[in-house]
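**Student:** Here is my input, please return the structure:
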Amino acid sequence: MSSILSHTQFFLFLLSLCICNISLASSALSDDGGFSRWVSWNVENYHRETWLNAVSTARAPGIPGKKLVDWKLWKADMNKVRKTVSQDGTGDYRTISEALNSIPVFNTRRVILVIKPGVYREKINVPRNVPFVTFLGDSTSPPTITGNDTASVTGRGGTPLKTFQSATVAVDANYFIAVNIKFENTAPHEVGSIGEQAVALRISGTKAAFYNCSFIGNQDTLYDHKGLHYFNNCFIQGSVDFIFGYGRSLYENCYLNSVAKKVASLTAQKRTNASLASGFSFKNSTITGSGLIYLGRAWGDYSRVIFSYTFMDRVVVPQGWSDWGDPKRDARIYYGEYKCSGPGANTTGRVSWARMLTDEEAKPFLGTYYIEGDTWLLSP
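**Tutor:** Residues are numbered from 1 along each chain as shown. Predicted coordinates for the structure are as follows:
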């Protein structure tokens, strides 16, 4: 736009936008979660977001070209501090846990923990009241954080940990970033066994980003639990449901490796009702490995997963998708593909309820705007 709107005009525009979006959302979600209307709603939101960007550009002082930003994050980043973790004693701390314990609760500064190369056998939790934490590893020799807990392991209270607490690294805080880190759970998975869910990383905080990270495990490797998440250039390996949860997440340039011993599933996205704003979007990624997999199976009745510009090797079964044995879900789950390639992308044998998206339908899922990333993604 040639001129910036006045404060009053801008406020009135935002108010009308909210009212319009509420109306659109209600319309889209009242149709039993109908896919076509849901896609239409996302497309409308995409166009409005594009227009809003043009209006709000330059309203963030000192950040040319940026739209309205997350001011808490901006302030935290302006006052960031670095601490070093090294097992040989040459850093500020020998363990990651010690470094985390040094951060005050309700922290308002971005704390960058520079983690030196090595294998860290620690069970890590970044609590909800310690936001703005960054794990930064060495790109030439990324540190490994490893463990082997499973859902059936007995916890401190004498009860099983269950899947949620089996994670080697659990992040409950918002604004978490990891760069050049390997998250690992070495617990094996035997076909037919119960209680062997073994999470390498659980991310439950919102506005989290992972760059050049690896997630290694077997069953339930990456618990993409909830919130807005971004994964770029990451390696994710597992056998059964190795990316699962109900986060709203964008995976770009990721390598997804199946080690399933029998036909399993890459994703298990859990969206349990039509109003839940969640779903996994994979873009420019690669699916390969040694075990046959479905692209996804519906953990929730309204599960949403979309693959675009992704190379699919022969490990992807022709059907592509699974409703987890509940045909009633077929009309409500949203599984889409867009301009994918490779032998596994052949749609001849796809289930009838899989969607091959048009350019317009795919557009809302192809950029960081899908996760509102323009306001909170920082450079790694």
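
**Student:** Check what pLDDT Ser152 gets.
**Tutor:** Looking at Ser152, its pLDDT is 87.

**Student:** Confirm that it sits in a strand.
**Tutor:** No - using DSSP: H, G, I helix; E, B strand; the rest coil, the assignment for Ser152 is coil, not a strand.

**Student:** okay, now the residue lying closest to it once chain neighbours are set aside: neighbour count?
**Tutor:** Spatial nearest neighbour of Ser152, excluding adjacent residues (Cβ to Cβ, 6 or more residues apart in numbering): Gly195 at 3.0 Å. (Each C-beta comes from the backbone N, C-alpha and C, glycine too.) If you count neighbours by other Cβ atoms under 10 Å, Gly195 ends up with 15.

**Student:** residue contacts, Gly195?
**Tutor:** For Gly195, the contacting residues are 150-152, 160, by Cβ atoms under 8 Å, 6 or more residues apart in numbering.

**Student:** For those residues, pick the one with the most neighbours.
**Tutor:** Thr150 (24 neighbours).

**Student:** My guess is that residue contacts Ser166. True?
**Tutor:** Yes - here Thr150 reaches Ser166: they are 5.5 Å apart, a contact under Cβ atoms under 8 Å.

**Student:** pLDDT below threshold where in the stretch 201-350 of the chain?
**Tutor:** Within the stretch 201-350 of the chain, not a single segment meets pLDDT under 70.

**Student:** Help me confirm that Leu256 is found in a strand?
**Tutor:** Yes - checked against three-state DSSP, Leu256 lies within a strand.

**Student:** circling back to that earlier point, so what sits against both of Thr150 and Ser166?
**Tutor:** Counting by Cβ under 8 Å, 6+ apart, the residues touching both Thr150 and Ser166 are 187, 197-198.

**Student:** Please report the distance of Phe280 from Arg109.
**Tutor:** Counting by Cβ to Cβ, to the nearest Å, the gap from Phe280 to Arg109 is 31 Å.

**Student:** between the two, who's got more neighbours?
**Tutor:** Between Phe280 and Arg109, counted using other Cβ under 10 Å, the more crowded position is Phe280 (28 against 16).

**Student:** these two touch, right, the more buried one and Ile236?
**Tutor:** No - look at Phe280 against Ile236 with Cβ under 8 Å: they stay out of range, at 11.4 Å.

**Student:** so what sits against both of those two?
**Tutor:** Joint contacts of Phe280 and Ile236 (Cβ under 8 Å, 6+ apart) are Ile243.

**Student:** how does the chain divide into domains?
**Tutor:** Using automatic domain parsing, the domain ranges for the chain come out as 7-56, 73-375.

**Student:** check contacts around Asn79.
**Tutor:** Asn79 touches 108-110, counting by Cβ under 8 Å, 6+ apart.

**Student:** mind redoing it with 6 Å?
**Tutor:** Arg109 (Cβ atoms under 6 Å, 6 or more residues apart in numbering).
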